[in-house]
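In: pasting the structure only:
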């Protein structure tokens, strides 16, 4: 039985469609129209961005895509690595196959981004359709491609592919929970695997699936019987998980924690005392991102779903939503505790912000379903009021002092509207809490059929999206001014894409340099020019820990490596202030950098090339 048939009403969608247009058009056509409109809008937005700016992430994923497109193993700066999720580089690599010119490949990649993220509307719709009517499911699809994080289409970031794949995994899980056949379980396992290959955070969905199987409606009896019944419904993922753990033990005696990749280090170094606050702050991020109401409504549905005589569709939704949100928020919180405590002096990686909305936004469509499900049934006002009060109280814990130090933080888009207010940090916290209380009150006081709660969410998503687009475009424009030459491919234009160019970069003495705008010359030159193959570091290492070669000035001004051997690239690119003593091939006045042809050694002490 289609679970959505149990929905008694759909006031919001009906009032938005008074003439019944939606009812007369096939849902497939409407869904295709949503995807097409989203693709057109976000592809246009992507065309406005002039340069990557989220370094080193965009450089890393472009390098991975380029190496895969060239038919080799995934690599960054020529060094093979499997430390990063390969799902997104595989998806976007056709851009680097089709275009030799990296500026053109970058433009094509953003078009692909717009298509991939817009396709998230498809699994979101079919997931929503299992709990909502057609109209409401289409509204969820629209909200899915209207979230502020769609602005990631302008970047070369793994979130682009993770969004639709995470939702696809949720859809496959729900289908397997409704009818746990071997084929549906296998499909769900593959879907989770694809999402995890893009971002290892998705491995938490395996645990969420196991818990959801126990919580499903129709699993009766005491807890022991529920667990036994639930485990029988997920024997394929359980078997796959067991084989994976055995495989890790056999191959090199590795720990099961190694399954979590970058999150493994976070688990090994977990500070349990800091975890509760981190969990609360990640929940705060979801509240801010979704305009509070969807998470409050989802929590209310989750509570009433497990009462005696509860609606089976509510129970089915809660069984999926509770473990999914818990495992995702918990996983992000564990990583946030670790990342915010990283020692910069030891790693060269700047201390991270303690909230990671960037990894949580994939939950938004599930929360939208919760909001519309709540609206169709309007469960206990008391439960909703308690959930709303708890949400307002939690917002006090959001780390606004860190936000005040961030000009444009791509991790947390929902903070953008709040930093526009000329108020001190403590005043900002009070403003957010009061606004949240007002929004919750609007939810509680709204009458049946009122569009106010849906309008609040829609306006908020639109407003934050517009701000995010403006801020991303501004940050990209600044990165372009800092690092991109008069033409993006000026180095390739001078020496040809098949030449080999080293960047010689000088930083003040020390272990690691702090990130600065001038370093974008290094990263942008690598990003847009195939001929740039290595970085030679004078002084401190560049931040973010990308591979480079340490060099120093030897006798007669010759650059030598750590063993004292002269470096011997055919060409070098360096800021004019470095004074390379070699024939000048090209000078870029905009970035004040030059390309030199060496004679087998690199010697400093020449005249300024830009004079």
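Out: Received, thanks. No experiment lies behind these values; they were computed from the predicted model shown.

In: Output the below-cut-off pLDDT ranges for the stretch 101-250 of the chain.
Out: For the stretch 101-250 of the chain, applying pLDDT under 70 flags the ranges 218-233, 235, 241-250.

In: Could you pull out the helices in it for me?
Out: Using DSSP state H, counting those that start in this stretch, the helices of the stretch 101-250 of the chain run over residues 102-118, 121-128, 134-144, 159-178, 182-198, 204-215, 223-232, 235-250.

In: Identify the single longest helix in the protein, thanks.
Out: Secondary structure assigned by DSSP state H gives helix 452-483 as the longest helix of the chain.

In: list the helices and strands that one packs on?
Out: Counting contacts by 3 or more CB pairs under 8 Å, 6 or more residues apart in numbering; DSSP states H and E, helix 452-483 packs against helix 134-144, helix 293-304, helix 364-377, helix 425-445, helix 520-528. Backbone N, C-alpha and C define where each C-beta goes, glycine included.

In: returning to what we had before: any chance of the helices of the stretch 101-250 of the chain in JSON lines, with distance to residue 450 and mean neighbour count too?
Out: Formatted as JSON lines, those follow (distance: least, CB to CB, whole Å; neighbours: other CB atoms under 10 Å):
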{"stretch": "helix 102-118", "distance to residue 450": "30", "mean neighbour count": "21"}
{"stretch": "helix 121-128", "distance to residue 450": "21", "mean neighbour count": "25"}
{"stretch": "helix 134-144", "distance to residue 450": "15", "mean neighbour count": "25"}
{"stretch": "helix 159-178", "distance to residue 450": "28", "mean neighbour count": "26"}
{"stretch": "helix 182-198", "distance to residue 450": "36", "mean neighbour count": "20"}
{"stretch": "helix 204-215", "distance to residue 450": "31", "mean neighbour count": "22"}
{"stretch": "helix 223-232", "distance to residue 450": "38", "mean neighbour count": "13"}
{"stretch": "helix 235-250", "distance to residue 450": "42", "mean neighbour count": "14"}
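
In: Tell me the buried residues in the longest helix of the chain?
Out: Neighbour-count burial for helix 452-483 flags 453-454, 456-458, 460-461, 464-465, 467-469, 471-473, 475-476, 478-480, 482-483 (criterion: 16 or more other CB atoms under 10 Å).

In: which stretches of the stretch 501-611 of the chain form strands?
Out: 501-506, 532-538, 549-553, 559-560, 571-575, 584-588, 593-597 (DSSP state E, counting those that start in this stretch).

In: ok and the longest one relative to strand 549-553, angle-wise?
Out: Orientation of strand 532-538 against strand 549-553 (axes from the mean of the first three to the mean of the last three CA atoms, to 10 degrees) gives an angle of 50 degrees.

In: Adjacent strands (with direction) for strand 532-538?
Out: When sheet partners are counted by DSSP bridges, strand 532-538 sits next to strand 501-506 (parallel), strand 549-553 (parallel).

In: List the buried residues of the shortest one.
Out: Buried residues in strand 549-553, defined by neighbour count with 16+ other CB under 10 Å: residue 551.

In: Can you give the contact residues for that strand?
Out: Strand 549-553 has contacts (CB atoms under 8 Å, 6 or more residues apart in numbering) with 504, 534-538, 541, 559-562, 567, 604.

In: change it to 6 Å
Out: The contact list for strand 549-553 (CB atoms under 6 Å, 6 or more residues apart in numbering) reads 536-538, 559, 561-562, 567.

In: And the furthest pair within those residues?
Out: Greatest spatial distance in the contacts of strand 549-553: 538 and 562, 12.4 Å, computed using CB to CB.

In: and the two? which has more neighbours close in?
Out: residue 538 (18 against 9; other CB atoms under 10 Å).

In: which residues does that one contact?
Out: Contact analysis of residue 538 by CB under 6 Å, 6+ apart lists 506, 551.

In: returning to what we had before: for residue 490, find the nearest of the strands of the stretch 501-611 of the chain.
Out: Nearest to residue 490 among these is strand 584-588 (5.2 Å), distances taken as CB to CB.

In: next one: the closest one to chain centre, how far?
Out: 38 Å (CA atoms, centre = their mean, to the nearest Å).

In: same check, this time on stretch 363-377
Out: Stretch 363-377 sits 22 Å away from the centroid of its parent chain (CA atoms, centre = their mean).

In: for residue 270, helix, strand, or coil?
Out: coil (DSSP: H, G, I helix; E, B strand; the rest coil).

In: Including distance to residue 193 and mean pLDDT, could the strands paired with strand 532-538 go into JSON lines?
Out: Below are the strands paired with strand 532-538 laid out as JSON lines (distance: least, CB to CB, whole Å; pLDDT from 0 to 100):
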{"stretch": "strand 501-506", "distance to residue 193": "38", "mean pLDDT": "96"}
{"stretch": "strand 549-553", "distance to residue 193": "37", "mean pLDDT": "95"}
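
In: what's the spacing between residue 479 and residue 487?
Out: The spacing between residue 479 and residue 487, counted by CB to CB, to the nearest Å, is 16 Å.

In: ok now do residue 109, which residues does it touch?
Out: Counting by CB under 6 Å, 6+ apart, residue 109 has contacts 92, 95.

In: repeat that for 10 Å
Out: Residue 109 makes contacts with 46, 58, 61-62, 65, 91-96, 99, 102, 153, 155-156, 160, as judged by CB atoms under 10 Å, 6 or more residues apart in numbering.

In: Check residue 295 too.
Out: Contact analysis of residue 295 by CB under 10 Å, 6+ apart lists 283, 286-289, 325, 363-364, 366-367, 370-371, 387-388, 391, 394.

In: Apply 6 Å and report the result again.
Out: By CB under 6 Å, 6+ apart, the contact list for residue 295 reads 286-287, 367.

In: what's the closest non-adjacent residue to the residue nearest the centre of the chain?
Out: With distances taken as CA atoms, centre = their mean, residue 159 lies nearest the centre of the chain, 3.3 Å away. Once flanking residues are discounted, residue 159 sits nearest to residue 152: 4.7 Å by CB to CB, 6 or more residues apart in numbering.

In: Likewise for residue 402?
Out: Per CB to CB, 6+ apart, closest to residue 402 is residue 353, 5.7 Å.

In: tally of neighbours for that neighbour?
Out: Around residue 353 there are 21 residues (other CB under 10 Å).

In: Mind checking what secondary structure it has?
Out: Secondary structure assignment for residue 353 (three-state DSSP): coil.

In: correct me, but it touches residue 403?
Out: No. Residue 353 lies out of contact with residue 403 (CB atoms under 6 Å); the separation is 8.3 Å.

In: Show me what the helix or strand residue 68 falls within packs onto, helices and strands only.
Out: Using DSSP states H and E, residue 68 sits within helix 57-69. Applying 3 or more CB pairs under 6 Å, 6 or more residues apart in numbering; DSSP states H and E, one finds that helix 57-69 makes contact with strand 75-76, helix 87-92, helix 94-98, helix 520-528.

In: which of the ones you listed sits most buried?
Out: Ranked by mean neighbour count under mean count of other CB atoms under 10 Å, those are led by helix 520-528, which reaches a mean of 25.
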